[in-house]
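Asks: Sequence first, then the predicted structure:
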Amino acid sequence: MAYDRIDVPDGTRIELADPETGELDVPEDPIVPVIHGDGIGTDVAPAAKRVLSAAAEATGRSIEWLRLYAGGRARERYDEHLPAETVEAIREYRVALKGPLTTPVGAGYRSLNVALRQTLDLYANVRPTYYLEGVPSPMTAPEEMDMVTFRENTEDVYAGIEWEADTDEVERVREFVEEEMGFDDVMHEGPIGIGVKPITETGSKRLVREAIDYAVENDREKVTLVHKGNIMKFTEGQFGEWGMEVADEEYPDDEVFAAPDSLWEEQDEVDVPEGAVMVEERLADAMLQWMQLRTDEFDVLAMPNLNGDYLSDAAGAQVGGLGVAPGGNFGHGRMLAEPVHGSAPKRAGQDMANPTAMVLSGRFMFEYVGWEDAGDLVRDALEAQIASKRVTYDIERQIEGGERLGTSEFAAEVTERVASTA
Ligand code: NAD
């Protein structure tokens with residue numbers, strides 16, 4: 001029995017309508033698995049469910065939440081951090097919402113988040129980064145940010161292929177690299193740690209394909225491939241080449257246009273066919289400054305894992321940071337929506353944390369299943385709430401004349417706005 005430890009309610013499932021395109025068949029009353037998660041997850045997940053359920057109802061639908069366990073709660077109930085049933089239920093129900101999970105401290109534990117993404121092969125980590133009116137930001141024009149970052153989720157230096165200093169393994173790898181591969185004057189003498197950076201054609205192309213498809217489907221103008229190919233030619237540079245191949249070979253020119261030599265030429269000189277999505281390359285270091293100096297020039301970004309990690313956090317900071325940053329992991333017609341932030345143990349269980357990031361992750365999930373109207377209701381209600389200055393501590397302390405609300409109070413007021421504006 002697949003779910004002998006999970007109480008599966010009656011309801012309907014989201015199914016894959018077309019395995020080719022990943023199109024989903026979404027009932028009006030789907031079962032949606034939810035993991036509250038650790039730390040502030042216990043505060044923000046129930047709050048987010050409340051707002052999201054209200055938005056579903058306001059648009060003539062309903063959500064049957066199926067509670068799943070991972071992290072500390074799973075350890076208490078099942079004596080393991082990531083029960084197989086949890087993974088299987090996400091696989092089966094296709095679209096799920098997840099709060100943050102604490103990575104258990106101690107030897108031998110890998111991140112539960114990484115384990116979940118790898119087991120389900122959710123290869124694209126996607127973060128829509130846009131500004132909510134009224135959120136404090138360090139930028140002079142934060143509203144110019146409207147970007148979606150696609151971060152490769154399974155390889156690069158995050159693949160976990162590395163060896164610790166002073167082990168036999170690391171010395172064997174050093175010997176191989178120095179003696180067999182001829183790099184005998186690169187590494188300093190003495191203790192060393194070594195990691196491997198795999199970038200595959202399969203991993204790069206499927207990520208870039210997701211980003212381009214998203215841009216086409218959502219009327220975006222540009223996809224920027226962000227890498228350090230000038231230095232790491234055979235990994236980052238290759239990511240760029242494979243990405244441009246996807247743009248060039250897999251789509252008609254009047255739909256997707258691969259800008260030639262975009263790393264070195266000014267883009268306003270490029271003749272893009274009307275209505276086509278332009279695909280260009282940028283070096284990651286330069287991109288970090290362009291993102292701040294020319295925010296409105298960027299649209300959809302596609303990147304290897306490490307670049308994506310840094311860049312998406314930096315982009316999030318421009319529009320207010322962790323409390324308001326949503327995300328989701330995608331692959332094979334599945335989505336696991338989750339906020340960017342972690343479990344913030346210092347604030348756990350105090351009814352203090354900002355549920356906005358988790359609510360907006362739910363909005364992203366709504367968009368994925370075609371419930372844009374419900375998603376817009378959620379966004380409008382959050383903006384109206386923030387404009388009222390009745391907000392959680394993280395925002396209240398940065399604005400003048402604000403009133404501090406707890407997580408549940410904030411969510412209750414947003415829920416009321418959702419219901420009353422429908
Ligand atoms: P974190 O995001 O949990 O917290 C950093 C700080 O950001 C907090 O101290 C808090 O001041 C602020 N913050 C974060 N979310 C907030 C919110 N919703 N409202 C208000 N303030 C908020 O990062 P961390 O401290 O580096 O990580 C804590 C734990 O979370 C670690 O175990 C880490 O592995 C885990 N983590 C999990 C995920 C995930 O589940 N996807 C992501 C990142 C970190």
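Replies: It's in. Small disclaimer: the values here were computed from a predicted structure and weren't measured. Residues are numbered from 1 along each chain as shown.

Asks: Same question for stretch 280-297: list its buried residues.
Replies: For stretch 280-297, a neighbour-count test (16 or more other CB atoms under 10 Å) marks Glu280, Glu281, Arg282, Leu283, Ala284, Met287, Leu288, Met291, Thr295 as buried. The way it works is simple: take the backbone N, C-alpha and C, and place the C-beta from them, glycine included.

Asks: Which of those sits closest to Val34?
Replies: Met291 (32.5 Å; CB to CB).

Asks: mind checking the SS state of that closest one?
Replies: What DSSP: H, G, I helix; E, B strand; the rest coil gives for Met291 is helix.

Asks: Could you report the distance from it to the ligand?
Replies: The spacing between Met291 and the ligand, counted by CB to the nearest ligand atom, to the nearest Å, is 21 Å.

Asks: OK, contacts around that residue?
Replies: Taking CB atoms under 8 Å, 6 or more residues apart in numbering, we find Met291 in contact with Met147, Phe298, Leu311, Ala314, Ala315, Gln318.

Asks: quick revisit: mind putting the buried residues of stretch 280-297 in TSV, pLDDT and secondary structure included?
Replies: Putting these into TSV (pLDDT from 0 to 100; DSSP: H, G, I helix; E, B strand; the rest coil) gives the following:
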residue	pLDDT	secondary structure
Glu280	95	strand
Glu281	96	strand
Arg282	95	strand
Leu283	96	strand
Ala284	97	helix
Met287	96	helix
Leu288	96	helix
Met291	96	helix
Thr295	96	helix
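
Asks: Pull the most distant pair out of these.
Replies: Glu281 and Thr295 (18.8 Å).

Asks: Would you mind listing what in the chain touches the ligand?
Replies: 40, 44, 100-103, 113, 322-323, 338, 341-344, 346-347, 353-354, 357, 394 (CB under 6 Å from any ligand atom).

Asks: tally of neighbours for Ala381?
Replies: For Ala381, the number of neighbouring residues by other CB atoms under 10 Å comes to 25.

Asks: for whatever residue of the stretch 301-422 of the chain ends up closest to the ligand, helix, strand, or coil?
Replies: Here the stretch 301-422 of the chain gets closest to the ligand at one residue, Gly342, 2.3 Å apart by CB to the nearest ligand atom. At Gly342 the chain is in coil, as set by three-state DSSP.

Asks: Where does the residue lying closest to it once chain neighbours are set aside sit: helix, strand or coil?
Replies: Excluding its sequence neighbours, the residue lying closest to Gly342 (CB to CB, 6 or more residues apart in numbering) is Pro100, at 4.7 Å. With three-state DSSP as the basis, the three-state label of Pro100 is coil.

Asks: got the contact list for Pro100?
Replies: Gly37, Asp38, Gly39, Ile40, Gly41, Glu338, Pro339, His341, Gly342, Ser343, Ala344.

Asks: Which one (most neighbours) among these?
Replies: Counting neighbours by other CB under 10 Å, the top entry in the contacts of Pro100 is Pro339, with 34 neighbours.

Asks: ok, it touching Phe364?
Replies: No: using CB atoms under 8 Å, Pro339 makes no contact with Phe364, being 9.9 Å away.

Asks: Find residues that contact each of the two.
Replies: Going by CB under 8 Å, 6+ apart, residues that sit against Pro339 and also against Phe364 are Pro326, Gly327.

Asks: Relative to Gly327, how far out is the residue nearest to Gly342?
Replies: In this view, Pro100 and Gly327 are 11 Å apart by CB to CB, to the nearest Å.

Asks: what's the answer for Thr415, then?
Replies: If you measure Thr415 against Gly327 using CB to CB, the figure is 22 Å.

Asks: what do you get for Ala412?
Replies: For Ala412, the distance to Gly327 - CB to CB - is 25 Å.

Asks: the more surrounded of the two?
Replies: Gly327 (23 against 14).

Asks: tell me the pLDDT at the residue lying closest to that one once chain neighbours are set aside?
Replies: Of all residues not flanking Gly327 in the chain, Arg127 sits nearest, at 4.4 Å (CB to CB, 6+ apart). You'll see Arg127 listed with a pLDDT of 97.

Asks: is Arg127 in a bridge, and if so with what?
Replies: Per DSSP bridges, the residues bridged to Arg127 are Thr149.

Asks: Just to check, it is in contact with Asn329?
Replies: No: distance between Arg127 and Asn329: 10.2 Å, which falls outside the contact criterion (CB under 8 Å).

Asks: how much space is there between the residue lying closest to Pro128 once chain neighbours are set aside and Met291?
Replies: Distances taken as CB to CB, 6+ apart place Val148 nearest to Pro128, at 4.9 Å, with adjacent residues excluded. According to CB to CB, Val148 and Met291 sit 13 Å apart.

Asks: same thing with Gly349?
Replies: Gly349 is 36 Å from Met291, by CB to CB.

Asks: Likewise for Val277?
Replies: As judged by CB to CB, Val277 and Met291 stand 19 Å apart.

Asks: element containing Ile31?
Replies: Ile31 belongs to strand 31-35 when assigned by DSSP states H and E.

Asks: C-terminal to that strand, what's the next element?
Replies: The first helix or strand that comes after strand 31-35 along the chain, using DSSP H and E, is helix 41-58.

Asks: and that following helix, how far from the chain's centre?
Replies: 19 Å (CA atoms, centre = their mean, to the nearest Å).

Asks: Kindly calculate the angle that it makes with strand 31-35.
Replies: Put simply, helix 41-58 runs at 160 degrees to strand 31-35, going by axes from the mean of the first three to the mean of the last three CA atoms, to 10 degrees.

Asks: Against which helices or strands is helix 41-58 packed?
Replies: Counting contacts by 3 or more CB pairs under 8 Å, 6 or more residues apart in numbering; DSSP states H and E, helix 41-58 packs against strand 31-35, strand 95-98, helix 356-368, helix 372-387, helix 407-421.

Asks: Show me which positions of the longest one end up buried.
Replies: Residues Ala374, Gly375, Leu377, Val378, Arg379, Ala381, Leu382, Glu383, Ala384, Gln385, Ile386 are the ones in helix 372-387 that count as buried (16+ other CB under 10 Å).
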